[in-house]
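> A structural model of the following input is requested.
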Amino acid sequence: MESQKQIIEHKALDLLDSYSGGNNHILYMKSKKETNKKFYPTRTQAEYVITYYNTKPKVARKWVELDPYFAKKFAEERYLFETPEKVYIEKLLVEKDKSYHIWGKFFEKDCLSEFWVPKSSLIKSQTVDEVNIDYSKYGHRPPLSHQKEAIEKLVGSRRFILADDMGLGKTTSTIIAALETGAKKILIVCPASLKINWEREIANYSDRTCYIAEGKKFSTEADFVIVNYDILKNFHNKEDKENSLLLQSKFELVILDEAHMVSNAQAQRTKLINDFTKNIKRVWLLTGTPMTSRPINYYNLLNIIESPVAQNWMAYAIRYCQGFQFRAGNRKVWNVTGASNLEELRDRTSKQILRRLKENVLDLPDKIITPVYLRTSSKEYKDLMGEYYEWLENKKEESSSLTVQFSKLMKVRKVIANEKVKETIEFVQNIIDQGKKVIIFTNFTDTLQLIHSHFGKESVYLDGSCNKVQRQYAVDQFQENEKIKVFVGNLKAAGVGLTLTAAEVVIMNDLSFVPAEHAQAEDRAYRYGQKNNVLVYYPIFENTIEGVIYDILNNKKKVIGTVMGDELQESGDVVEEILNLINKKM
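Numbering: from 1, shown residues only. So this is what the prediction gives:
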């Protein structure tokens, strides 16, 4: 072993004699050898000379901002009188996986010297390229002015977070931006309840191929592929990347909708997302909740977009989460539940995130009505509709009565309402996570109780069984108690006469066959005392009678008119029209 050491060190000495490169550290050792006959390199020095003898240093000659955590460590370790904010890099002598060997200095007055710094200590400047977009091609559905800003930020960035408040049209902005990048293959990852909405929105702006992944079915050929978080594991395995359909598809752009769903770094889907997005050219994150509760929940989003502040987890935890270690039994555990230096965190991430609130956007209407399209595979629904059409065909005399038709379809409507509860709950939870209160309307007691039971102490309800005292208690709790986030109401019992302005969001779980009731219900939140824009969402099963009704009324301009508010017709006429349309259409 001793002879091996001598061989390495002698080899280094021989190399020093012939060295003519620009590495100042090696040149220093060469000078020492030439001026001191007793100079003998240490093992570390010898290995450095041998390893980097042929490595050509890169001339930088620039000041680079330092991460505050590492700047403080440098000051402590080097006994500096003040904490440096930047480091001057004359040359990058050597680059390793996690560190740089630098020829530089920390202060203007200092002499140049060599030292190692972690890569994560250097804050890389982030830039957004300026872009010029011809919006005339989108004249059939022109983006609003605030959306144009989002489009241009996205197109000008490789990795970016669009963190606009819900209701500001992040989907529209992102689709136009995606088209403007020229990306040939685009992956959209979103909650299952939003997949059809993405497909429809893409169709509004492009005729490029679009595929919705379901179960284990996937397309590596489509221009746009839409997949929900829950089934990503079916198409990518960290341990078997050769068979990864996500990697085989060679996506040039990945869009993560509701990206706060990957804020938990320990979750399987987060690890999977982190793994396959590493080498994707562009990654955009969309979320109305970039920081769900604490700064630590923001870390993974920043890590995905390669934000400078997320280069080192420990530095981030200490600086922005008041992180500290404590001993739990035989192991050390980090506490990162705190928050600190938030203004600095905002400033340091501002170039890679765009965040606007509804109340700050001037080009929005006061009430925004949006359908959310879903699909059901309910066998019960199909069986009931089969029975209905068989009855309609075979019982001509009995089925001629609209009243009887209406009552026959009541079971179908109940099935639709109950089938939709899972998606409605998922949608509502996302809204609650954004710090907003929600009103949910339904026509059916069973549906109401299912939703109320899920949210438990966070919700109140009001149906026909409630007396005056109970009604007022439910309203007061929703309006005044910060812990109550959800109001679940029967459309008839709670749709009129109440003031529920604590909510910014109204969700119609299921449609009434008396459409005028919707307009009244929407305005429980949209009335005097409301200081915010109101968002109204209609989850619609597009492959059911509900989808047919909604689409036909929308085409007639009666979603905002008859069904939701202005041109109120006699309810009997509307019911007759709807039943006739169902009987002809299906």
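> C-alpha from now on. contacts and neighbour counts both.
OK.
> pLDDT weak spots in the stretch 151-300 of the chain?
For the stretch 151-300 of the chain, the stretches with pLDDT under 70 are 292-293.
> Show the residue spans covered by the strands in it.
Ranges of strands in the stretch 151-300 of the chain, per DSSP state E, counting those that start in this stretch, are 159-162, 186-190, 210-212, 224-228, 253-257, 282-286.
> CSV for the ones you listed, including distance to Asp134?
Formatted as CSV, the strands of the stretch 151-300 of the chain follow (distance: least, Cα to Cα, whole Å):
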stretch, distance to Asp134
strand 159-162, 21
strand 186-190, 21
strand 210-212, 24
strand 224-228, 22
strand 253-257, 21
strand 282-286, 21
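> out of those strands, deepest packed?
Each of those was scored by mean neighbour count; the highest is strand 159-162, a mean of 27, by mean count of other Cα atoms under 10 Å.
> center of this protein, which residue is that?
The centroid of the chain falls nearest to Ala259 when counting by Cα atoms, centre = their mean (2.0 Å).
> what's near enough to touch it?
Leu285, Leu286, Thr287, Pro290, Leu301 (Cα atoms under 8 Å, 6 or more residues apart in numbering).
> Relative to Ser173, how far out is it?
Distance of Ala259 to Ser173, given as Cα to Cα, to the nearest Å: 16 Å.
> before we move on, what about Asp446?
For Asp446 relative to Ser173 (Cα to Cα), the value is 38 Å.
> And these two? Which one has more around it.
Ranked by neighbour count (other Cα atoms under 10 Å), Asp446 and Ser173 place Ser173 first, with 21 against 13.
> Spatially nearest residue to Leu144, not counting backbone neighbours?
Distances taken as Cα to Cα, 6 or more residues apart in numbering place Asp363 nearest to Leu144, at 7.0 Å, with adjacent residues excluded.
> From Gly139, how far off is that neighbour?
In this view, Asp363 and Gly139 are 17 Å apart by Cα to Cα.
> higher neighbour count, the two?
Between Asp363 and Gly139, Asp363 has the larger neighbour count (other Cα under 10 Å), namely 12 against 8.
> residues contacting that one?
Contacts of Asp363 by Cα under 8 Å, 6+ apart are Leu144, Ser145, His146.
> and the first one, what pLDDT?
To tie it back to what came earlier, the one meant is Leu144. pLDDT for Leu144: 91.
> Any buried residues in stretch 46-64, and which?
Along stretch 46-64, these residues count as buried under the neighbour rule (16 or more other Cα atoms under 10 Å): Ala46, Glu47, Val49, Ile50, Tyr53, Pro57, Lys58, Trp63, Val64.
> So which residues make contact with that stretch?
So stretch 46-64 is in contact with 8-9, 11-13, 15-16, 19, 21-23, 26, 86-94, 122-124, going by Cα under 8 Å, 6+ apart.
> Buried ones among those?
Buried members of the contacts of stretch 46-64, counted by 16+ other Cα under 10 Å: 8-9, 12-13, 15-16, 22-23, 26, 86-94, 122-124.
> mind checking the backbone torsions on Trp63?
Phi and psi for Trp63, reported as degrees, to the nearest 10, are phi -90, psi 140.
> Then Val94?
Dihedral pair for Val94: phi -150, psi 140, per degrees, to the nearest 10.
> Please name the residues that touch it.
The contact partners of Val94, taken as Cα under 8 Å, 6+ apart, are Tyr52, Thr55, Pro57, Tyr100, His101, Ile102.
> Glu130 now?
Glu152, Gly156.
> For my notes, confirm it occurs in a helix.
No - counting by DSSP: H, G, I helix; E, B strand; the rest coil, Glu130 falls outside a helix, being coil.
> So what's the residue count around the nearest residue to Lys281 once chain neighbours are set aside?
Leaving aside its sequence neighbours, Lys281 sits nearest to Glu252 (Cα to Cα, 6+ apart; 5.5 Å). Counted by other Cα under 10 Å, the residues lying close to Glu252 total 17.
> Need the phi and psi values for Glu252.
According to degrees, to the nearest 10, Glu252 has phi -100, psi -20.
> Any figure for the gap between the nearest residue to Glu180 once chain neighbours are set aside and Asp164?
Excluding its sequence neighbours, the residue lying closest to Glu180 (Cα to Cα, 6+ apart) is Val155, at 6.8 Å. Going from Val155 to Asp164 by Cα to Cα gives 16 Å.
> Which one's more surrounded, the two?
Val155 (26 against 22).
> Tell me how far the more buried one lies from Trp198.
19 Å.
> for Asp110, same thing?
57 Å.
> what's the answer for Ser113, then?
Using Cα to Cα, Ser113 is found at 55 Å from Trp198.
> what about the two, which has more around it?
More crowded of Ser113 and Trp198, by other Cα under 10 Å: Trp198, with 24 against 13.
> and Arg331, how many residues sit next to it?
As a burial measure, Arg331 scores 7 neighbours (other Cα under 10 Å).
> that's a strand at Ile37, yeah?
You called it Ile, but residue 37 is Lys. No - checked against three-state DSSP, Lys37 lies outside a strand; its state is coil.
> Good, we can wrap up now.
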